Each structure stands twice: as C-alpha cells, then as structure tokens.
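**Student:** What shape does this take:
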Amino acid sequence: MSETPVTTDSAAKAERFNADMTIGESMQLHPRAREVFAGFHLGGCGHCAISEFETVRQVCEGYGVPVDMLIGALNSLDQLEPTPAQ
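**Tutor:** Residues are numbered from 1 along each chain as shown. Purely as a prediction, here's the structure:
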C-alpha cells in the first residue's frame, strides 16, 4: 500500500505563485505583490509597463529577470504581514 504525501496548508500556501499565472492573478493573491514587481523594476514606469494579461514567465523573459528569483520573492510574501493596498 503506497502512502500519499500530506501537504500542509503552509506548504501549499508557500508556493501559491507560479510562472504561468498572469500578472493580474498574482496581484490579486497578495496586496504587496505589486511591490515585488516594482522591486524588480517591472511595471513601475511608463517604458517598462507590464500587462495584467501577460504571464509572470513572459514578463521575466521580456525583461531578463530570473523567473525562479521573482517567484521566490512573491512566494515569500506570505511570511510578511500584509499591508493594506493603497
């Protein structure tokens, strides 16, 4: 009899962002996701605007940002206290 691995809520929550979700979806998951994108200089100014319909992977490829690094930063948001969206 094989055992099924148990996924804890914190483990599932820790990896809820992924490269194939859209920018819009990722921004809806956490109120501070926009800050993470801005920290990578994505979407913060007119010449580097990103579309909410692009995937995280597409944006990373277009701007030369390592996908794993951005996803890691987004997934670490759950370790922070969310601040109200402004």
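
**Student:** for this structure, which spans come out with low pLDDT?
**Tutor:** 1-15, 44-48, 80-86 (pLDDT under 70).

**Student:** In three-state terms, label the nearest residue to residue 34 once chain neighbours are set aside for me.
**Tutor:** Counting by C-beta to C-beta, 6 or more residues apart in numbering, residue 34 lies nearest to residue 27, which is 5.8 Å off, once chain neighbours are set aside. In short, each C-beta sits where N, CA and C put it, glycine included. Secondary structure for residue 27, judged by DSSP: H, G, I helix; E, B strand; the rest coil, is helix.

**Student:** mind saving the C-alpha coords of stretch 17-25 as PDB?
**Tutor:** What follows is stretch 17-25, C-alpha atoms only, in PDB (Å, rounded to 0.1, in the frame of the first residue of the first chain):
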ATOM      1  CA  PHE A  17       2.600  31.900  -7.000                       C
ATOM      2  CA  ASN A  18       3.800  30.300 -10.200                       C
ATOM      3  CA  ALA A  19       5.300  31.400 -13.500                       C
ATOM      4  CA  ASP A  20       2.300  30.500 -15.600                       C
ATOM      5  CA  MET A  21      -0.200  32.700 -13.800                       C
ATOM      6  CA  THR A  22      -1.000  36.200 -15.200                       C
ATOM      7  CA  ILE A  23       0.300  39.400 -13.600                       C
ATOM      8  CA  GLY A  24      -3.300  40.200 -12.700                       C
ATOM      9  CA  GLU A  25      -3.800  36.900 -10.900                       C
END
